[in-house]
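[1] have a look; sequence and predicted model below, questions after that.
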Amino acid sequence: MARAAGALTVAITGEMSGEGVRGADFQIQTCEQEVAFAYTKSYTTALAALAILIARVVERRKLLAERYSHKQLSQVPQLMREALKLEPQVRELAKQMAPLARIEIFGTGVGWATASEAALKIKEACYIAAEGFETEEILHGPFSETDSRATLIGLLTGRETDVRARQILRAAGELKMLRTAIASPSANHDISAEHILVVPEVAEWLTAFVHLVPLQLLTYFLALERGLNPDTGRQDQPAHAAASRHYKY
(Lines give C-alpha, C1' and ligand atoms only; values in the text may rest on other atoms or scores of the structure.)
Protein backbone atom coordinates (compact mmCIF):
# COMPACT_ATOMS: atom_id res chain seq x y z
CA MET A 1 0.00 0.00 0.00
CA ALA A 2 2.83 2.40 0.84
CA ARG A 3 4.54 1.71 -2.46
CA ALA A 4 1.30 2.25 -4.36
CA ALA A 5 0.98 5.62 -2.63
CA GLY A 6 4.39 6.66 -3.95
CA ALA A 7 6.52 5.99 -0.87
CA LEU A 8 9.96 4.46 -1.11
CA THR A 9 9.69 1.08 0.58
CA VAL A 10 12.42 -0.98 2.26
CA ALA A 11 11.92 -4.47 3.69
CA ILE A 12 14.46 -5.87 6.14
CA THR A 13 13.87 -9.59 6.51
CA GLY A 14 15.39 -13.02 6.78
CA GLU A 15 15.24 -15.77 4.21
CA MET A 16 11.92 -17.29 3.11
CA SER A 17 10.03 -14.01 3.49
CA GLY A 18 6.49 -13.67 2.19
CA GLU A 19 5.46 -12.36 -1.20
CA GLY A 20 4.31 -9.05 0.27
CA VAL A 21 7.79 -8.33 1.61
CA ARG A 22 9.35 -9.08 -1.78
CA GLY A 23 7.18 -6.34 -3.26
CA ALA A 24 9.24 -3.58 -1.60
CA ASP A 25 11.51 -1.33 -3.67
CA PHE A 26 14.48 -2.60 -1.68
CA GLN A 27 14.72 -5.89 0.17
CA ILE A 28 17.59 -6.30 2.62
CA GLN A 29 18.06 -9.95 3.54
CA THR A 30 19.67 -10.61 6.91
CA CYS A 31 20.06 -14.26 7.92
CA GLU A 32 18.88 -17.78 7.18
CA GLN A 33 15.47 -18.94 8.34
CA GLU A 34 15.57 -19.59 12.08
CA VAL A 35 14.42 -22.81 13.68
CA ALA A 36 13.77 -21.22 17.09
CA PHE A 37 10.31 -19.70 17.50
CA ALA A 38 11.59 -16.50 19.17
CA TYR A 39 13.67 -15.35 16.16
CA THR A 40 16.38 -13.73 18.28
CA LYS A 41 19.01 -13.89 15.54
CA SER A 42 16.61 -12.37 13.02
CA TYR A 43 15.97 -9.40 15.31
CA THR A 44 19.65 -8.80 16.01
CA THR A 45 20.65 -8.96 12.35
CA ALA A 46 17.77 -6.65 11.41
CA LEU A 47 19.16 -4.16 13.92
CA ALA A 48 22.56 -4.46 12.26
CA ALA A 49 21.05 -3.72 8.84
CA LEU A 50 19.23 -0.69 10.25
CA ALA A 51 22.40 0.58 11.92
CA ILE A 52 24.33 0.33 8.64
CA LEU A 53 21.51 2.15 6.86
CA ILE A 54 21.53 4.94 9.47
CA ALA A 55 25.31 5.34 9.21
CA ARG A 56 25.14 5.50 5.39
CA VAL A 57 22.35 8.08 5.37
CA VAL A 58 24.21 10.22 7.90
CA GLU A 59 27.37 9.93 5.82
CA ARG A 60 25.69 10.97 2.59
CA ARG A 61 23.78 13.86 4.17
CA LYS A 62 26.92 14.95 6.04
CA LEU A 63 24.99 15.27 9.29
CA LEU A 64 26.12 14.12 12.75
CA ALA A 65 28.80 11.98 11.11
CA GLU A 66 30.87 11.69 14.30
CA ARG A 67 27.85 10.70 16.37
CA TYR A 68 26.61 7.94 14.06
CA SER A 69 29.71 6.49 12.44
CA HIS A 70 30.79 3.26 10.78
CA LYS A 71 33.78 3.21 13.11
CA GLN A 72 31.45 2.88 16.09
CA LEU A 73 29.42 0.22 14.32
CA SER A 74 32.49 -1.84 13.43
CA GLN A 75 33.21 -2.32 17.15
CA VAL A 76 29.82 -3.92 17.86
CA PRO A 77 30.70 -7.60 17.11
CA GLN A 78 33.58 -7.60 19.60
CA LEU A 79 31.50 -5.76 22.19
CA MET A 80 28.76 -8.38 21.86
CA ARG A 81 31.36 -11.10 22.44
CA GLU A 82 32.41 -9.28 25.61
CA ALA A 83 28.79 -9.11 26.73
CA LEU A 84 28.51 -12.90 26.37
CA LYS A 85 30.83 -13.18 29.38
CA LEU A 86 27.82 -12.23 31.51
CA GLU A 87 26.40 -15.74 31.04
CA PRO A 88 27.27 -17.02 34.58
CA GLN A 89 25.60 -13.98 36.19
CA VAL A 90 22.55 -14.36 33.99
CA ARG A 91 22.22 -18.04 34.90
CA GLU A 92 22.05 -17.11 38.59
CA LEU A 93 19.54 -14.35 37.88
CA ALA A 94 17.31 -16.78 35.99
CA LYS A 95 17.19 -19.10 39.01
CA GLN A 96 15.85 -16.29 41.18
CA MET A 97 13.40 -15.03 38.56
CA ALA A 98 11.90 -18.39 37.62
CA PRO A 99 9.38 -18.62 40.51
CA LEU A 100 8.08 -15.06 40.05
CA ALA A 101 4.81 -14.31 38.27
CA ARG A 102 5.66 -11.22 36.25
CA ILE A 103 8.57 -9.42 34.60
CA GLU A 104 8.69 -5.70 33.87
CA ILE A 105 11.44 -4.15 31.73
CA PHE A 106 11.87 -0.45 31.08
CA GLY A 107 14.13 1.90 29.17
CA THR A 108 14.26 5.19 27.28
CA GLY A 109 15.00 5.89 23.63
CA VAL A 110 16.78 2.86 22.21
CA GLY A 111 16.21 1.15 25.56
CA TRP A 112 12.43 1.36 25.18
CA ALA A 113 12.50 -0.68 21.97
CA THR A 114 14.87 -3.18 23.56
CA ALA A 115 12.62 -3.52 26.63
CA SER A 116 9.62 -4.26 24.41
CA GLU A 117 11.58 -6.79 22.34
CA ALA A 118 12.92 -8.60 25.41
CA ALA A 119 9.45 -8.82 26.97
CA LEU A 120 8.10 -10.33 23.76
CA LYS A 121 10.82 -12.97 23.67
CA ILE A 122 10.22 -13.89 27.31
CA LYS A 123 6.53 -14.40 26.55
CA GLU A 124 7.33 -16.56 23.53
CA ALA A 125 9.96 -18.73 25.20
CA CYS A 126 9.02 -18.75 28.89
CA TYR A 127 5.20 -18.40 28.82
CA ILE A 128 5.28 -15.80 31.60
CA ALA A 129 3.66 -12.36 31.83
CA ALA A 130 6.27 -9.82 30.68
CA GLU A 131 5.91 -6.22 29.55
CA GLY A 132 8.28 -3.60 28.16
CA PHE A 133 7.74 0.05 29.12
CA GLU A 134 9.15 3.48 28.42
CA THR A 135 10.86 4.76 31.57
CA GLU A 136 8.23 7.35 32.47
CA GLU A 137 5.32 5.20 31.31
CA ILE A 138 6.01 2.49 33.87
CA LEU A 139 5.03 4.88 36.67
CA HIS A 140 1.57 5.57 35.22
CA GLY A 141 -0.46 2.45 35.90
CA PRO A 142 1.99 -0.46 35.73
CA PHE A 143 3.69 0.49 39.00
CA SER A 144 0.37 0.56 40.86
CA GLU A 145 -0.36 -3.10 40.14
CA THR A 146 3.11 -4.47 40.81
CA ASP A 147 4.48 -5.99 44.01
CA SER A 148 7.00 -8.53 45.33
CA ARG A 149 5.70 -11.21 42.95
CA ALA A 150 7.34 -9.34 40.06
CA THR A 151 10.86 -8.64 38.93
CA LEU A 152 12.01 -5.34 37.43
CA ILE A 153 14.77 -4.83 34.86
CA GLY A 154 16.03 -1.32 34.06
CA LEU A 155 18.10 -0.48 30.98
CA LEU A 156 20.49 2.42 31.51
CA THR A 157 21.94 3.94 28.35
CA GLY A 158 23.89 6.96 29.58
CA ARG A 159 21.08 9.42 28.84
CA GLU A 160 19.89 12.04 31.34
CA THR A 161 16.83 9.84 31.85
CA ASP A 162 19.05 7.37 33.72
CA VAL A 163 18.38 9.60 36.75
CA ARG A 164 14.71 8.61 36.54
CA ALA A 165 15.66 4.97 36.06
CA ARG A 166 17.62 5.05 39.32
CA GLN A 167 14.62 6.54 41.12
CA ILE A 168 12.35 3.79 39.78
CA LEU A 169 14.77 1.06 40.87
CA ARG A 170 14.94 2.57 44.37
CA ALA A 171 11.14 2.77 44.52
CA ALA A 172 10.88 -0.89 43.47
CA GLY A 173 13.00 -1.78 46.48
CA GLU A 174 10.22 -0.52 48.74
CA LEU A 175 7.92 -3.05 47.05
CA LYS A 176 10.42 -5.88 47.62
CA MET A 177 10.74 -6.51 43.89
CA LEU A 178 13.72 -8.41 42.52
CA ARG A 179 15.65 -5.70 40.70
CA THR A 180 18.19 -5.91 37.89
CA ALA A 181 19.98 -3.11 36.08
CA ILE A 182 21.79 -3.48 32.76
CA ALA A 183 24.27 -0.64 32.42
CA SER A 184 27.58 0.35 30.88
CA PRO A 185 30.55 1.14 33.15
CA SER A 186 29.93 4.90 32.90
CA ALA A 187 26.28 4.44 33.94
CA ASN A 188 27.07 1.95 36.73
CA HIS A 189 26.81 4.20 39.77
CA ASP A 190 24.17 4.95 42.40
CA ILE A 191 22.12 1.96 41.23
CA SER A 192 19.90 0.18 43.74
CA ALA A 193 19.46 -3.38 42.48
CA GLU A 194 20.08 -6.94 43.57
CA HIS A 195 21.77 -7.64 40.24
CA ILE A 196 23.80 -5.30 38.02
CA LEU A 197 24.85 -6.62 34.64
CA VAL A 198 27.63 -4.42 33.31
CA VAL A 199 27.81 -4.41 29.52
CA PRO A 200 30.61 -2.89 27.42
CA GLU A 201 30.64 0.84 26.80
CA VAL A 202 29.19 1.79 23.43
CA ALA A 203 27.64 4.82 21.74
CA GLU A 204 24.08 5.36 22.96
CA TRP A 205 22.50 4.64 19.57
CA LEU A 206 24.12 1.18 19.55
CA THR A 207 23.30 0.14 23.12
CA ALA A 208 20.58 -2.24 21.89
CA PHE A 209 23.26 -4.66 20.68
CA VAL A 210 24.97 -5.07 24.06
CA HIS A 211 21.73 -4.92 26.07
CA LEU A 212 20.17 -7.66 23.96
CA VAL A 213 22.87 -10.20 24.77
CA PRO A 214 22.11 -10.60 28.51
CA LEU A 215 18.36 -10.31 27.83
CA GLN A 216 18.43 -13.07 25.23
CA LEU A 217 20.56 -15.23 27.53
CA LEU A 218 18.08 -14.55 30.31
CA THR A 219 15.19 -15.65 28.11
CA TYR A 220 16.97 -18.93 27.37
CA PHE A 221 18.00 -19.78 30.92
CA LEU A 222 14.69 -18.66 32.38
CA ALA A 223 12.89 -21.10 30.07
CA LEU A 224 15.19 -23.93 31.17
CA GLU A 225 14.66 -23.07 34.85
CA ARG A 226 10.92 -23.31 34.27
CA GLY A 227 11.34 -26.72 32.61
CA LEU A 228 10.39 -25.44 29.15
CA ASN A 229 11.74 -25.78 25.62
CA PRO A 230 12.59 -22.18 24.61
CA ASP A 231 12.46 -22.92 20.88
CA THR A 232 8.91 -24.13 20.25
CA GLY A 233 6.60 -21.23 21.07
CA ARG A 234 4.37 -23.87 22.69
CA GLN A 235 3.58 -25.39 19.31
CA ASP A 236 4.64 -28.75 20.70
CA GLN A 237 1.57 -28.70 22.94
CA PRO A 238 -1.60 -30.07 21.29
CA ALA A 239 -3.94 -27.27 22.39
CA HIS A 240 -1.66 -24.51 21.13
CA ALA A 241 -0.92 -26.39 17.92
CA ALA A 242 -4.68 -26.72 17.34
CA ALA A 243 -5.24 -23.04 18.15
CA SER A 244 -2.58 -21.94 15.67
CA ARG A 245 -4.44 -23.61 12.81
CA HIS A 246 -7.12 -20.92 13.09
CA TYR A 247 -4.71 -18.12 12.17
CA LYS A 248 -1.89 -19.81 10.20
CA TYR A 249 -2.45 -20.31 6.50
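    The structure has been received and is ready for your questions.

[2] please enumerate the helices of the protein.
    Assigned by DSSP state H, the chain shows helices spanning 19-22, 40-61, 70-74, 76-83, 87-97, 110-126, 162-174, 207-225, 238-244.

[3] would you turn those helices into JSON lines with distance to Phe133, mean neighbour count and mean pLDDT?
    From N, CA and C alone the C-beta is placed, and that goes for glycine too. Supplementary listing: the helices of the chain in JSON lines, determined by distance: least, C-beta to C-beta, whole Å; neighbours: other C-beta atoms under 10 Å; pLDDT from 0 to 100:
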{"stretch": "helix 19-22", "distance to Phe133": "29", "mean neighbour count": "10", "mean pLDDT": "73"}
{"stretch": "helix 40-61", "distance to Phe133": "19", "mean neighbour count": "16", "mean pLDDT": "91"}
{"stretch": "helix 70-74", "distance to Phe133": "27", "mean neighbour count": "14", "mean pLDDT": "89"}
{"stretch": "helix 76-83", "distance to Phe133": "23", "mean neighbour count": "16", "mean pLDDT": "97"}
{"stretch": "helix 87-97", "distance to Phe133": "17", "mean neighbour count": "17", "mean pLDDT": "97"}
{"stretch": "helix 110-126", "distance to Phe133": "6", "mean neighbour count": "23", "mean pLDDT": "96"}
{"stretch": "helix 162-174", "distance to Phe133": "10", "mean neighbour count": "17", "mean pLDDT": "97"}
{"stretch": "helix 207-225", "distance to Phe133": "14", "mean neighbour count": "24", "mean pLDDT": "97"}
{"stretch": "helix 238-244", "distance to Phe133": "27", "mean neighbour count": "11", "mean pLDDT": "91"}
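
[4] separation between Thr151 and Ala208?
    Distance, Thr151 to Ala208, by C-beta to C-beta, to the nearest Å: 21 Å.

[5] same thing with Ile168?
    For Ile168, the distance to Ala208 - C-beta to C-beta - is 20 Å.

[6] same check on Thr13?
    For Thr13, the distance to Ala208 equals 18 Å [C-beta to C-beta].

[7] same question, Ile105
    Look at Ile105 and Ala208: by C-beta to C-beta, they are 13 Å apart.

[8] with Cys31 instead?
    Cys31 is 17 Å from Ala208, by C-beta to C-beta.

[9] what's the answer for Gln78, then?
    Distance from Gln78 to Ala208, counting by C-beta to C-beta: 16 Å.

[10] over to Phe37?
    The value you get for Phe37 to Ala208, if C-beta to C-beta is used, is 21 Å.

[11] again, but for Leu50
    10 Å.

[12] with Lys95 instead?
    From Lys95 across to Ala208, the span is 26 Å (C-beta to C-beta).

[13] now Leu224: closest residue in space, sequence neighbours ignored.
    Spatially, and ignoring its direct neighbours in sequence, Leu224 is nearest to Pro230 (7.1 Å; C-beta to C-beta, 6 or more residues apart in numbering).

[14] test my guess that that neighbour contacts Gln216.
    No. Using C-beta atoms under 8 Å, Pro230 makes no contact with Gln216, being 10.0 Å away.

[15] okay, and the common contacts of these two?
    By C-beta atoms under 8 Å, 6 or more residues apart in numbering, Pro230 and Gln216 have no common neighbours.
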